[in-house]
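S.K.: Based on what follows, work out the 3D shape:
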Amino acid sequence: MAVSLFDNLLGTPQMIAAFDDAAIIQAMLDFEAALAQAQAAEGILTHSAAAAIRKACDVRLYDIPALVAAGRNSGTLAVPLVKELTRLVKEYDPDAASRVHWGSTSQDVQDSAMVLVTREALRLLDAGLDALCGHLLDLGRRHLATPVLARTLMQPAQVTSLGFKLAGWAAPLIRARVRLRAATGDALQLQLGGAVGTLAVMDEHGPAVVARAAALLGLKAPPIAWHTQRDEWVRLGLEVAVLTGSLGKLATDLALMAQGEVGELAEPAGQGRGASSAMPHKRNPVSAMIALAGAARTPQRAATLLAAMGQQHERGLGNWQAELAEWPALFLSAHGALHALVDAFAGLQVDEGRMRANIDALHGLVFAESASIWLAGAIGRPRAHALVEEMSQRAAREGRHLGVLLREAVETDAALRGQVDLARLDTLFDPVAASGPAQRLAGPRLEALAGQHAALGTEPFLALEDDNP
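M.R.: All right, here's what the predicted structure looks like:
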């Protein structure tokens with residue numbers, strides 16, 4: 001895969017390698033070798049011919065730049081690759097050369113190769129999700145009772161617990177892992193149909209060849225070729241896109257909580273990480289930046305996959321090729337974002353003191369709703385609402401704590417004094433107590449998520465592949 005300097009900065013070497021030119025061409029050759037071996041088992045060609053073809057299916061024997069250049073003229077890498085494969089096979093076994101790529105078509109080899117390299121790409125995503133979810137769940141349990149501001153519409157709202165926030169960050173990633181695995185099981189299918197998908201050249205042997213070739217490659221055997229039936233394949237790509245969106249949400253929250261004025265979270269420091277070229281004091285959240293960049297690039301790629309689904313008749317013109325071009329970049333953005341956030345949360349710095357200070361700086365205003373509801377039980381809702389509203393305005397205007405103002409109002413009003421329990425009123429302004437509802441929800445939720453996470457770790461990523469010979 002040709003990547004720019006900025007793809008290298010925002011992606012990962014592992015994902016770039018998964019989709020690089022050599023990996024894709026080797027996957028195409030793996031398809032050709034499996035096809036020949038399956039056909040030999042069905043008597044379509046001799047075992048010696050299959051051996052000669054398999055011997056030539058080594059990417060190191062090919063001039064990759066020359067193949068890419070030739071592919072521009074034919075519109076597909078398959079044409080020059082099959083031509084060069086045939087030439088090499090002829091050197092080993094002239095008779096076998098006539099059986100290279102027998103009964104297959106360019107889209108068979110190209111789609112099957114993309115399925116094979118995508119399998120490795122999905123392994124990378126699954127491993128990254130395993131690591132990131134593990135970090136989030138560990139932090140969630142550790143900070144179950146840590147009070148922190150919840151913010152709605154970018155403004156302070158109430159007090160929650162950091163464990164509750166972490167559960168909310170982990171949940172969509174665990175769901176993404178589950179759904180990616182399900183989509184993987186459906187989408188990682190061999191592509192083999194021949195010219196128009198009917199396996200015509202192989203006659204009655206076609207279905208058996210498909211089954212054998214799929215087993216050799218560790219792929220699912222499709223009931224029929226899916227040349228222009230892209231639904232399961234595109235659905236897999238869209239799951240990757242949704243995952244990247246969830247990573248973008250997590251990165252957004254991390255970046256906002258790491259702002260200097262907020263200072264509640266910080267990415268790991270050291271070795272020039274997050275340094276500024278002009279301002280020595282800065283500590284930029286580079287992991288969040290990389291994840292946000294990946295998330296920003298993803299919707300357009302997902303839209304291209306959807307737009308390319310309207311493929312014409314039995315072979316698409318332009319739309320299938322557009323899908324092929326966008327596919328690797330979608331995974332590159334996802335893994336770049338995922339890898340960056342794994343790094344961030346592996347060494348995340350949590351400033352509990354700053355979280356408490358940010359709550360205290362709001363003079364108790366974030367407890368106004370709970371105070372109003374509690375007072376309503378003693379003095380009625382209209383009166384309680386009016387009292388808390390008046391005291392909230394004073395707190396904002398005078399810079400005094402809402403709890404102190406409410407206590408003064410109760411103490412100076414004989415009627416209120418007999419109706420309101422001042423000791424209970426004080427507890428309403430305790431951040432730890434205020435985070436209690438969040439803790440009660442987050443505790444069981446984190447345990448349930450941890451159970452799902454552990455179960456995913458014990459299940460094989462691709463049971464189908466593991467079961468195949």
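
S.K.: okay, CA-based contacts and neighbour counts for the rest of this
M.R.: OK.

S.K.: Show the pLDDT at N468.
M.R.: What the model reports as pLDDT for N468 is 39.

S.K.: Alpha carbons only: can I get stretch 341-350 in CSV?
M.R.: Provided in CSV are the C-alpha atoms of stretch 341-350 (Å, rounded to 0.1, in the frame of the first residue of the first chain):
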residue,chain,number,x,y,z
LEU,A,341,-5.1,5.4,22.7
VAL,A,342,-3.5,2.1,24.0
ASP,A,343,-0.3,4.1,24.6
ALA,A,344,-2.2,6.9,26.3
PHE,A,345,-4.2,4.7,28.7
ALA,A,346,-1.3,2.4,29.5
GLY,A,347,0.3,5.3,31.3
LEU,A,348,-2.6,7.7,31.9
GLN,A,349,-2.1,10.1,34.7
VAL,A,350,-5.2,10.8,36.8
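
S.K.: mean confidence for the lengthiest helix in the chain?
M.R.: Taking DSSP state H as the criterion, the chain has its longest helix at helix 106-142. In this model, helix 106-142 has a mean pLDDT of 98.

S.K.: And the next helix or strand past that helix?
M.R.: Next in sequence after helix 106-142, counting helices and strands by DSSP states H and E, comes strand 147-152.

S.K.: So what angle separates the directions of the next helix or strand along the chain from that next one and strand 147-152?
M.R.: The element immediately downstream of strand 147-152 (helix or strand, assigned by DSSP H and E) is strand 155-161. Put simply, strand 155-161 runs at 140 degrees to strand 147-152, going by axes from the mean of the first three to the mean of the last three CA atoms, to 10 degrees.

S.K.: Now do strand 155-161 against helix 106-142: the angle between them, please.
M.R.: Going by the same axes, to 10 degrees, strand 155-161 makes 70 degrees with helix 106-142.

S.K.: Quickly run through the sheet partners of strand 155-161, with directions.
M.R.: Strand pairing for strand 155-161, determined by DSSP bridges: strand 147-152 (antiparallel).

S.K.: Now tell me what touches the partner strand from outside.
M.R.: 156-162, 352, 355-356, 358-359, 431-432, 434-435 (CA atoms under 8 Å, 6 or more residues apart in numbering).

S.K.: Looking at those residues, which is nearest R424?
M.R.: Closest approach to R424 among the contacts of strand 147-152 (CA to CA): A434, at 12.5 Å.

S.K.: Distance check, the closest one against F367.
M.R.: To F367, A434 is 8 Å away according to CA to CA, to the nearest Å.

S.K.: quick one: common contacting residues for the two?
M.R.: V159, L428.

S.K.: quick one: A78 from L449, how far?
M.R.: 45 Å.

S.K.: the more surrounded of these two?
M.R.: A78 (24 against 18; other CA atoms under 10 Å).

S.K.: show me the contacts for that one.
M.R.: Counting by CA under 8 Å, 6+ apart, A78 touches M28, G71, S106, Q107, V109, Q110.

S.K.: change it to 7 Å
M.R.: Taking CA atoms under 7 Å, 6 or more residues apart in numbering as the criterion, A78 is in contact with S106, V109, Q110.

S.K.: now do A376
M.R.: Here A376 is in contact with A384 (CA under 7 Å, 6+ apart).

S.K.: Ok, L192 next?
M.R.: Applying CA under 7 Å, 6+ apart, the residues near L192 are S104, D108, V210, A225.

S.K.: host element of it?
M.R.: For L192, there is no helix or strand it lies in under DSSP H and E.

S.K.: Count the neighbours of L305 for me.
M.R.: Using other CA under 10 Å: L305 sits among 27 other residues.

S.K.: Check the spacing between it and D95 real quick.
M.R.: If you go by CA to CA, the gap between L305 and D95 works out to 41 Å.

S.K.: swap in A409?
M.R.: From A409 to D95 the distance is 101 Å (CA to CA).

S.K.: contact partners of the helix or strand in which N73 is found?
M.R.: Assigned by DSSP H and E, N73 belongs to helix 64-74. For helix 64-74, the surrounding residues in contact (CA under 7 Å, 6+ apart) are L77, V79, P80, L81.

S.K.: Quick check: phi and psi on the spatially most central residue of the chain?
M.R.: Centroid-nearest residue in the chain, with CA atoms, centre = their mean: L243, separated by 3.2 Å. Dihedral angles phi and psi of L243 (degrees, to the nearest 10) take the values phi -60, psi -50.

S.K.: That one contacts R177, correct?
M.R.: No - using CA atoms under 7 Å, L243 makes no contact with R177, being 8.4 Å away.

S.K.: Would it be right to say that L180 lies in a helix?
M.R.: Yes - under DSSP: H, G, I helix; E, B strand; the rest coil, L180 falls within a helix.

S.K.: ok, now which ones touch it?
M.R.: L180 neighbours (CA under 7 Å, 6+ apart): L236, E239.

S.K.: Surely M391 is in a helix?
M.R.: Yes - under three-state DSSP, M391 falls within a helix.

S.K.: wait, what's in contact with the nearest residue to A340 once chain neighbours are set aside?
M.R.: Residue nearest to A340 in three dimensions, not counting chain neighbours: S287, with 4.7 Å by CA to CA, 6 or more residues apart in numbering. Shown in contact with S287 (CA under 7 Å, 6+ apart): A340, L341, A344.

S.K.: Let me see the mean pLDDT of whichever strand or helix holds S287.
M.R.: Using DSSP H and E, S287 falls within helix 286-307. Per-residue pLDDT values across helix 286-307 average out to 97.

S.K.: For it, what is the distance to the chain centroid?
M.R.: From the chain centre to the centre of helix 286-307 is a distance of 11 Å (CA atoms, centre = their mean, to the nearest Å).

S.K.: and if you look at stretch 48-66?
M.R.: Distance, stretch centre to chain centre, for stretch 48-66: 35 Å (CA atoms, centre = their mean).

S.K.: Next, the buried residues of that stretch.
M.R.: By neighbour count with 16 or more other CA atoms under 10 Å, stretch 48-66 contains the buried residues A49, A50, A51, A52, I53, R54, A56, C57, D58, V59, Y62, I64.

S.K.: my read: the fourth one touches D93, true?
M.R.: Translated: A52. Yes - when contacts are counted by CA under 7 Å, A52 is listed as touching D93 (6.2 Å).

S.K.: Past the helix holding S287, which element shows up next along the chain?
M.R.: Taking DSSP H and E, what comes next after helix 286-307 is helix 319-346.

S.K.: what angle do that next one and helix 286-307 make?
M.R.: With the same axes, to 10 degrees defining the directions, helix 319-346 sits at 160 degrees from helix 286-307.

S.K.: related to what we said a few turns ago, which strands or helices does the longest helix of the chain pack on?
M.R.: helix 13-18, helix 21-41, helix 78-92, helix 162-187, helix 319-346 (3 or more CA pairs under 7 Å, 6 or more residues apart in numbering; DSSP states H and E).
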